[in-house]
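In: no sequence on hand, only this structure:
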């Protein structure tokens, strides 16, 4: 038996934005190891650099230093080995649902019959096969994100990266989507790196929650969520769930004190 | 300091490349000099022209036409646009006019306007108004339509009457859109003025240009065009400054 | 708003205007040079029957459409390249920013000296005028492409060329059509202007109007103006039709 390599490995990742006047450290030497098949969430205050972190892993923006490896391969530019899902719908408005999902496969030159089979498989998986001829603008926000998920799964990436994919949805749809995501994820068994500002969402979905503290981003805590799977929405009502939630809430709110103090300084000064 | 100048040159490299290319063609004599003079000669002639009353007499005539046409269309167009957004009947009456009138090349009416209003400023100003009204009305209308209802409700809530609501809320909130319309209209006014003066006139920058070109001496034509270009450029800069002053918050 | 209602109002307004015009002319309350709608329609019929009209319209359309076609090809291509590749952008932007506020009609005499009073001059002045709105709209359209679209494309393995043709171009298309609509309007304006400035013998609606003007036939002038107006109107509607065909997915229709 060989030693399993981690799905994603991030070592001493650092991101510095330099302007003419100053250098701003957005991410300060973050290291993170995501085992194969695990669901890992990053929570943190808004503007803490968690999205930047994910965009670097996706290869969309350059890192200043450090290493990002996906299944042992170093990441340099965006590529179909990492499926990226964004908060706002990135579906192309001029293509219908079917063609949107087929897009990545066409780019990679998958033969037509094979392509059609794959598209159908994933559209059925997200339960939107009946909507294949609709335009994205004709779908609800939740449906659009399900199509986005199908589009990413269709080109069979090694890992999934999700940047607050349910952030723009209303509370009810969001909970439905969480259940849906867990169902689909349990079938694909891909490793997920999920960024959110919603503590409960992170606890409900994840095997591990990584708490970022802001400016510059550093990891303040890594918490393993020991709920069995499959999980359902009743989990929200349990006391252990609330314990996890409160623990993370406390961690985040230690952080929140800082900006408030600076604001009061500005007001008083 | 040197580096900053060099950077500016790099930013505008294409302009310099074109100028150098022009000079090379002129110097090599590929085209006869009468048709393709060196830019330095053109600058010289333009400078002489700028010092002569020939320019200022004609420029003042053109500017009077441009500014009066522009002002009239702004004074008419902005209230129409705002009223269209507030009163449904006004909108229903105006929309068809706009959608029929917009795609029609209205300059073609100029010869008829000359019949009606004579060859002087009247026909030209009328055509300028006809041309400038469209962008001003359309932009004002859509701008006023998009004014957030919450602003209006809030001002009503604070006891503003119709008069105050127009001056204190609706007009400032629409100002950026109005300026977009004015930005399109002002160059149009200059174009129409020069165009109509080129077609038929006895004074104005367009007349000066036709007069110069009838001599077939390219250097004079180019010098006049250069001066017109500078006028057009200055007008857009002035409007920029005014816009920054009035809608600084946008 | 309800399209049918608007069309009805438009019809009523037009009929009202023409009726008033006709009545005033019939009672000679208007000066005779204002002609009358019926007389103009009659003149339009005469012109049509005389046979030269087809040539006039044909020549005018040839110049306009050649100029417009050049704008479509050059303006859209350069606009996309200038928006997408920063280097191309920094090269073209100063030229465009410097030339844009200049009334391009002023370039007509320069072209006339070089190319004479010819179709080349006319097509070039149409192109030079109509190029700018198309270029600027296209370039700004490319700049407005959402980052997530490009990132998604890269994520799915698209190369730079595929991003350009399969994402940037379709996203920019609505803006391109907006620009082309302005360009098309300018095309007809410049067609008329270039035909009426620097008189020449030949065919063209501008010449028709000019000759009617010289001959004092205002009814023919009105007829010529009506034909130019009709052309402008028809081609605008044609462009909008193509737009709604191509951009059937676009929710915010113009």
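Out: In hand now; what should we look at? The structure presented is a predicted model; accordingly, all values stated were derived computationally and were not measured. Residues are numbered from 1 along each chain as shown, chains lettered A, B, ... in the order given.
In: ok, the closest residue to chain C within the stretch 101-250 of chain A - how many residues close by?
Out: When distances are taken as C-beta to the nearest C-beta, the stretch 101-250 of chain A reaches nearest to chain C at residue A:104, 3.3 Å away. Any C-beta I mention is one placed from the backbone N, CA and C, and that applies to glycine too. Close neighbours of residue A:104, defined as other C-beta atoms under 10 Å in any protein chain shown, add up to 25.
In: tell me the pLDDT of residue 34.
Out: Just so you know, I chose chain A. Residue A:34 carries a pLDDT value of 91.
In: the intended chain is chain C.
Out: pLDDT, the model's per-residue confidence, is 73 for residue C:34.
In: so residue 193 is in which element?
Out: Unless you meant another one, I'm taking chain A. Using DSSP states H and E, residue A:193 sits in strand A:191-196.
In: that answer is for a different chain, and I need it for chain C
Out: Taking DSSP H and E as the definition, residue C:193 sits inside helix C:169-196.
In: tell me the helix or strand right after that helix.
Out: Scanning the chain past helix C:169-196 towards its C-terminal end, the next helix or strand to appear is helix C:205-214 (assignment: DSSP H and E).
In: could you spell out the sheet neighbours of the strand holding residue A:193, each with its direction?
Out: In the sheet containing strand A:191-196, its partner strands are strand A:39-43 (parallel), strand A:159-163 (parallel), by DSSP bridges.
In: tell me which parts of the stretch 51-200 of chain C are close to chain B?
Out: Contact residues, the stretch 51-200 of chain C versus chain B (C-beta under 8 Å from any C-beta of the partner chain): C:90-92, C:94-95, C:98, C:101-110, C:112-114, C:184-185, C:188-189, C:191-193, C:196-197.
In: ok so, going back, tabulate the strands paired with strand A:191-196 (a markdown table), appending mean pLDDT and mean neighbour count.
Out: As requested, these are arranged in a markdown table below (pLDDT from 0 to 100; neighbours: other C-beta atoms under 10 Å in any protein chain shown):
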| stretch | mean pLDDT | mean neighbour count |
| --- | --- | --- |
| strand A:39-43 | 94 | 26 |
| strand A:159-163 | 94 | 23 |
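In: mind listing what's buried along the helix or strand in which residue C:113 is found?
Out: Take DSSP H and E as the rule and residue C:113 turns out to sit in helix C:108-115. With burial defined by 16 or more other C-beta atoms under 10 Å in any protein chain shown, the residues of helix C:108-115 counted as buried are C:108-113.
In: again with stretch C:236-247
Out: Buried residues in stretch C:236-247, defined by neighbour count with 16+ other C-beta under 10 Å: C:236, C:239, C:243, C:247.
In: my read is that residue C:189 contacts residue B:109, right?
Out: No: applying C-beta atoms under 8 Å as the test, residue C:189 and residue B:109 come out as separate, 11.4 Å apart.
In: for these two, indicate the residue with more neighbours.
Out: Set side by side, residue C:189 and residue B:109 give different neighbour counts by other C-beta under 10 Å, the larger being at residue C:189 (26 against 21).
In: next one: that one from chain A, what distance?
Out: If you measure residue C:189 against chain A using C-beta to the nearest C-beta, to the nearest Å, the figure is 32 Å.
In: pLDDT score for that residue?
Out: Per-residue confidence for residue C:189 comes out at a pLDDT of 92.
In: need the nearest residue in space to it, chain neighbours excluded.
Out: Leaving aside its chain neighbours, residue C:189 sits nearest to residue B:105 (4.7 Å; criterion: C-beta to C-beta, 6 or more residues apart in numbering or on different chains).
In: cool, and residue B:229?
Out: In space, residue B:229 is closest to residue C:102, 4.2 Å off (C-beta to C-beta, 6+ apart).
In: near chain A, which residues of the stretch 1-150 of chain C show up?
Out: Those residues of the stretch 1-150 of chain C that sit near chain A, judged by C-beta under 8 Å from any C-beta, are C:146, C:148-149.
In: out of those, who's nearest chain B?
Out: Comparing every one of those with chain B (C-beta to the nearest C-beta), the shortest separation belongs to residue C:146, at 21.0 Å.
In: other residues contacting the strand holding residue A:193?
Out: A:7-8, A:34-43, A:50-51, A:53-54, A:57, A:158-167, A:185, A:202, A:205-206 (C-beta atoms under 8 Å, 6 or more residues apart in numbering or on different chains).
In: same question, stretch A:135-152
Out: Stretch A:135-152 is contacted from outside by A:83-86, A:89-93, A:95-97, A:100-101, A:103-104, A:119, A:122-123, A:125-128, A:131, A:160, A:165-166, A:168-170, A:173, A:176-177, A:180-181, A:184, C:155-156, C:249, C:251, using C-beta under 8 Å, 6+ apart.
In: switch to 7 Å and redo it
Out: Applying C-beta atoms under 7 Å, 6 or more residues apart in numbering or on different chains, the contact partners of stretch A:135-152 are A:83, A:85, A:89-91, A:93, A:96-97, A:100-101, A:104, A:122-123, A:125-126, A:128, A:131, A:160, A:165-166, A:168-169, A:173, A:176-177, A:180, A:184, C:249, C:251.
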